[in-house]
Structures are given as C-alpha cells and as structure tokens.
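> Could you look at this predicted model? Sequence included:
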Amino acid sequence: MSKRYIPISVVWETTLNCNMNCMHCGSSAGAIRRNELTTSEGLKLCNDLNKLGTRLITLMGGEPFLRKDWHIFAHHIRDLGINVTIMSNGLLIDEKIVSELRKIDPYAVTISIDGGTAKTHNSIRGVNTSFSRCMRSLDLLTDANLPTSVITTIHKENLKELPILRDILLNRDIAWQVQMATPVGRFPKSLMLSKDEFYTASLFIASTRKNYSVKELPLIGAHNFGYHSQVLPNIQLLPWIGCQAGLTAMGIQSDGAVQGCLSLPDMFIEGNIHEKSLIDIWNDPSSFSYNRNFSKANLNGECKNCKHGKRCRGGCLTVSTSLTGEKHSDPYCLRLIEQKMISE
Amino acid sequence: MVTKNQKINNKLQELGKTLGLNEVDTMRAKRTTKNIITMALATGAFILLGNLMMPGGPVGAYYAGVSFKDFQLLFGWFL
C-alpha cells in the first residue's frame, strides 16, 4: 500500500495580476494569466483541499487583494475550518480591507518590505510611494490586532539595510521572515547574494535572535536559510527536515497548474485542475516523485558526501535547480560554507 | 598555528562587521549547547501543541509565511 500524503500547507496564487513590479519577483507577476480560476473553480479548489486534509491555505499573488472575490475565498476557507494566511504587497490595504480581515480571523497577514529606507524599498518594488503605504498598512493591521508578519527578500541591493529594518520592526508584535532571492522569474543572477553575504545574513539573524527576545522581535530565516550548521544555531522556525514540496506542501498557480512549491520552475508542474481533479493529481503515485521517491542516491554535487544528506534532501530544491541545474544539491548551505572557511 | 575555531571566529568577525555586528555580538550568535537543547524542547512543544491546534501536523505551516501564531505555539510562555 502506498503512503498517504497530506498537503498540510498550500500556497495558492489567486492571480498573477500585480500592481508592483519587483525586481526579484520569482513569478514575474504583472499581467493576469490566461485561464485564471473563476470564483466557483476557486471555491471547488478549497473544497478539494479540505478533502485532502489541508490545514493552512495561503492566498498570494500577484497581489491577492486585486481579486474582487478574495474575501469570498477567505471566508469559505475559514468556514471549512482551515486556517488562512494572506500574503500581500501592502499597497491596497485600507480600513475596509482590515475590517473584512477581522471578520475572517486569519492565521497571518504578511506584507513584503524589502528595504529599511523608502529609497531602497521603492526602487526594488518599482512603486515610488510603496514604502510609506506599506508602513501605514502595518499600522492598520497591528492596530486591529491582526497577526501581522513582514517578509523581506534579500539580495545585493538591500542586505545592508537589515539592521535599519530590524529597528523599524522592534517591539511592534510583528513576526519577521527573511528569505534569500533566487534567480527565478525576473530576478537577475548578478544580484544574488554571494555565499559570504548569505552567511553574513545568517549571522545577523542568529545575532538578532540572541539579542532580542521573541516578544521584542519574532524573527526567522526562511526555508532557504540552512542547513545543519556546525557554528550557528538553527535560524529557521523548526529544524530542517528537507524540502516539503509534494510531501506536506503544495502550490497552485492562478491558472490551476499544480506544483509542490510555487517557487519551482514550470518543469515541476504535475498537472492542471482544469484537466484533472486536484485530488487525483495529488494522489497520483507518479506525482512529486523528486521528493516522494527520494533516496540518498539522488543527492548531487557536494551533498552526495554529507552525513545529513538523507534527511536534508540537499536543501532548497529551487535554489539547487536554479543554480546548479540539478536537484538536491543546494550550494547555499551553511555547513558547506563553514567547511570552506576552515579549509581556506 | 591558527586553529579551526580561530579561523571560523576570524571569518565571522570579518563578515559580521559588514552588518554592524561587533565582536561580542558575533561571538554570542554562535551555537551553544543551550541553543540545541532549547530548540529540541521547542520543537517537541510545537509538534505537541501544533497537533492539538492544527490536527494533521503543524510541520507544513512554516513553509509559506511565518505567523506570530507560530511563535505563540513555540514560545507561548515567553509572550
């Protein structure tokens, strides 16, 4: 009998339509995709996820608040007893949206802030007034006691502003997630952090977590900040247990394409719910084979000889494939970088 | 003769300076036995409480955007 997988955490790109033009956008958002799911198709998607046992659905975009039916989805998800998180660029959040969010009782509302100064944030996100508008959105959300998070995607253009951003977010009951930009979508490889810069960001996260309590600043490094360091403590929320794409995580594109994780390139699409039911795609024994049928023999590059390889699965699949062209071989690994530091 | 530990410490201090970390901050950021034990206990608590509050397992919950509620599950007694 084959193992039963549950997509506990699902990220749904409700639309690719976006009112920003971020330089690091992994999905090159802007215009609407052809054949985006209708309201009734979206509601059916939520029902199918409920049948599969999903516990958290994250509505993202593009910009999810550009869809006029976003609240219909969010209320439906809550009525099914599933948690809902909304990931926004923060530009459209106003009193009316906040009032609706309070009725929904979301698991989190996250806003992307990519600089400690208006100049940097606005330049990265391509909208001149976005920093001040995002700051106002943060005030509106926290004043309404909504669980608010900030996600910062770092690269060469904003790494040095992490300390400024930390000071802005301190003591505001805002959770902060720092993630590394990877060369997918429209993000140019030339702006990606070097390994030294990546390690510096990790050190900053570890130091901030040491110097400030969780109450002052709940901070984590995202899934691409790992793995098995011998020098730094774990800076993710939980210890790394390998990429969860297709195991406990799933991503749905706005046109119904199904992936293990939305940051993966289109070659990882397993099917489309316009052609086959989501439940059949998820339960197909041949789906998500890169993780479901993973064995140590699938490791590549320097991960092949790592004693943590079997559990780690070679780090983040997106970083691995976008940089090396191979799966299970993420070169942005703290442990690997430390080994090089010692051997130099 | 420079030991492995010295090499690492020197490199960490060099890297930390670029984001304004002084020597003390950098050394304090390093892993300790206490870190490892705390993380193991916190993970246990997260899985236990997470399973109660999010049946089916909380493991996938941190895969998208982190929530203040995740920290409440993990470190609730500090908040």
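Perfect, I can see it now.
> Going by C-alpha atoms from here, please, whenever you check contacts or count neighbours.
Fine.
> I'd like the next helix or strand past the lowest-mean-pLDDT helix or strand in chain B.
Each helix and strand of chain B was given a mean pLDDT (mean pLDDT, DSSP states H and E); the minimum falls on helix B:33-53 at a mean of 73. Later in the chain than helix B:33-53, the nearest helix or strand by DSSP states H and E is helix B:68-75.
> Where does the residue nearest to residue B:43 when sequence neighbours are not counted sit: helix, strand or coil?
Excluding its sequence neighbours, the residue lying closest to residue B:43 (C-alpha to C-alpha, 6 or more residues apart in numbering or on different chains) is residue A:238, at 6.2 Å. Three-state call for residue A:238 (DSSP: H, G, I helix; E, B strand; the rest coil): coil.
> burial count for residue A:238?
By the criterion of other C-alpha atoms under 10 Å in any protein chain shown, residue A:238 has 19 neighbours.
> OK, contacts around residue A:97?
By C-alpha atoms under 8 Å, 6 or more residues apart in numbering or on different chains, residue A:97 lies in contact with nothing.
> can you tell me the helix or strand for it?
helix A:95-104.
> quick one: that helix to chain centroid distance?
The chain centre lies 23 Å from the centre of helix A:95-104; the measure is C-alpha atoms, centre = their mean, to the nearest Å.
> for stretch B:17-26, same thing?
Worked out by C-alpha atoms, centre = their mean, stretch B:17-26 lies 18 Å from the chain centre.
> repeat for stretch A:109-124
16 Å.
> Quick one: low-confidence residue ranges for chain A.
A:1-2 (pLDDT under 70).
> Can you give me the buried ones in the top helix by length along it?
Taking DSSP state H as the criterion, chain A has its longest helix at helix A:195-211. Buried residues in helix A:195-211, counted by 16 or more other C-alpha atoms under 10 Å in any protein chain shown: A:196-210.
> Packing partners of that helix?
strand A:219-221, helix A:334-343, helix B:4-17, helix B:23-28 (3 or more C-alpha pairs under 8 Å, 6 or more residues apart in numbering or on different chains; DSSP states H and E).
> what helices or strands is the helix or strand following the shortest one leaning on?
From strand A:219-221 onward toward the C-terminus, using DSSP H and E, the following helix or strand is strand A:249-252. Using 3+ C-alpha pairs under 8 Å, 6+ apart as the contact definition, the elements that strand A:249-252 packs against are strand A:9-13, strand A:257-259.
> Among the ones you listed, show me which one is buried the most.
With neighbours taken as mean count of other C-alpha atoms under 10 Å in any protein chain shown, these reach their highest mean count in strand A:9-13, at a mean of 27.
> Chain A: strands as residue ranges?
A:9-13, A:56-60, A:83-88, A:108-112, A:148-154, A:174-180, A:219-221, A:249-252, A:257-259, A:271-272 (DSSP state E).
> could the ones you listed go into a markdown table alongside distance to residue A:48?
Below are those laid out as a markdown table (distance: least, C-alpha to C-alpha, whole Å):
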| stretch | distance to residue A:48 |
| --- | --- |
| strand A:9-13 | 12 |
| strand A:56-60 | 12 |
| strand A:83-88 | 15 |
| strand A:108-112 | 22 |
| strand A:148-154 | 28 |
| strand A:174-180 | 29 |
| strand A:219-221 | 31 |
| strand A:249-252 | 12 |
| strand A:257-259 | 13 |
| strand A:271-272 | 14 |
